[in-house]
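>>> What shape does this take:
(one chain, ligands or ions: 1)
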Amino acid sequence: MSVTNWFEDKRKFGGLIGAFLEEATRVSVSAEKEREKWINVNTNKGLWARCDNCGNMLYVKFLKQNKSVCEECGYHISTSSMERIELLIDRNTWIPMDEDMTARDVLDFSDEDSHRNRIAGSQDKTGLTDAIQTGIGYLNGTLIAIGVMDFHFMGGSMGSVVGEKITRLIEYATDKSSPLVLTCASGGARTQEGTLSLMQMAKISSVLQIHQVQRKLLYISILTYPTTGGVTASFGMLGDIIIAEPKAYTAFAGKRVIEQTLRQKIPDGFQAAESLFENGLLDLIVPRNSLKGVLGEISELYSLAPYKKKDRIRSRSLCIIF
Ligand SMILES: [Zn+2]
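Residues are numbered from 1 along each chain as shown. Presented below is the predicted three-dimensional model:
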């Protein structure tokens, strides 16, 4: 602990961080896998978490109150799907769908570990059956269909269960003429399920086409850190309105793969939300604290504007927002 941090510890926390210093410094923030695990464990069970961006120690109780946003630097720390659901919809209105759907290891896949073991381990760690929660709830009084991916479950990978749950959710939203909100957090398609995971991209895109184009219903996509691979290449970037959290990493292929393919360096921040916004790939960058308010305003406008029937009015409505 530096002298500056020691004084800050004494001033703000009465030296409590020092007492947890060993636990705090034992975890390397450079290893992505360990970092995610550490944040998950500590935000749920421990007293303290460390910000990945500025390194400050954060009291978990206050961190949760601040929607897992670092109070020192504003960095948006990875959060669980349940926390996101609580953040986005009105209290006590969440009704989950297809909660018991689980993946089958049809390919009998195994590398360093078997697919079955990975699934079981993620289920134990997160309490979820797969990498997404879908359901319905009220957003400032408006009924919405919502799906929230969870990066802590096998890196938020999109397999057959994720694809099927999203597809059923979209079909439900289309049937009920409800707005649809999908929050993305994913490393991409699930390698262990092979083509079965890749086909989810086309499956989801086709039902979205019915929802958005044929029925002219609203779909809002929310991109969080990280949104990559097959999720970016399908429903992540298909929203009528695409919103990202600040500095959300959004890409199809990673920086290293692009550099090796093109044989040239790409600039830092090339795949951050701010860069995508500057290049016209996003509509809004919204801090987590303001997200529900923004979604509420869009939903209210959507319910008032009759753009389900007239595309001309729809585009005018969106101009008012942006
Ligand atoms: Zn910070």
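>>> In the stretch 1-150 of the chain, what residue spans correspond to strands?
Ranges of strands in the stretch 1-150 of the chain, per DSSP state E, counting those that start in this stretch, are 48-50, 57-59, 95-97, 132-139, 142-149.
>>> Out of those, flag the one nearest the ion.
Nearest of the strands of the stretch 1-150 of the chain to the ion, taken as Cβ to the ion: strand 57-59 at 7.5 Å. Every residue, glycine included, has its C-beta placed from N, CA and C.
>>> Partner strands of the closest one and their direction?
Strand 57-59 has its sheet partners listed here by DSSP bridges as strand 48-50 (antiparallel).
>>> Quick one: mean pLDDT over the partner strand.
Per-residue pLDDT over strand 48-50 has a mean of 89.
>>> buried ones in stretch 75-88?
75-85, 87-88 (16 or more other Cβ atoms under 10 Å).
>>> go on, stretch 136-154?
Here stretch 136-154 shows 136-139, 142-154 as buried, counting by 16+ other Cβ under 10 Å.
>>> likewise stretch 244-259?
244-254, 258.
>>> and those, which of them are in strands?
244, 250-251 (DSSP state E).
>>> contacting residues around residue 252?
228-229, 232-233 (Cβ atoms under 8 Å, 6 or more residues apart in numbering).
>>> hmm, try it at 6 Å
The contact partners of residue 252, taken as Cβ atoms under 6 Å, 6 or more residues apart in numbering, are 232-233.
>>> Kindly provide the distance from it to residue 232.
Residue 252 sits 5 Å away from residue 232, going by Cβ to Cβ, to the nearest Å.
>>> Residue 80 too?
On the measure of Cβ to Cβ, residue 80 and residue 232 end up 21 Å apart.
>>> Next: residue 160.
Taking Cβ to Cβ, one finds residue 160 at 19 Å from residue 232.
>>> same thing with residue 191?
Counting by Cβ to Cβ - residue 191 and residue 232 are separated by 16 Å.
>>> cool, and residue 164?
Counting by Cβ to Cβ, the gap from residue 164 to residue 232 is 20 Å.
>>> Tell me who's in contact with residue 303.
Contacts of residue 303 by Cβ under 6 Å, 6+ apart are residue 142.
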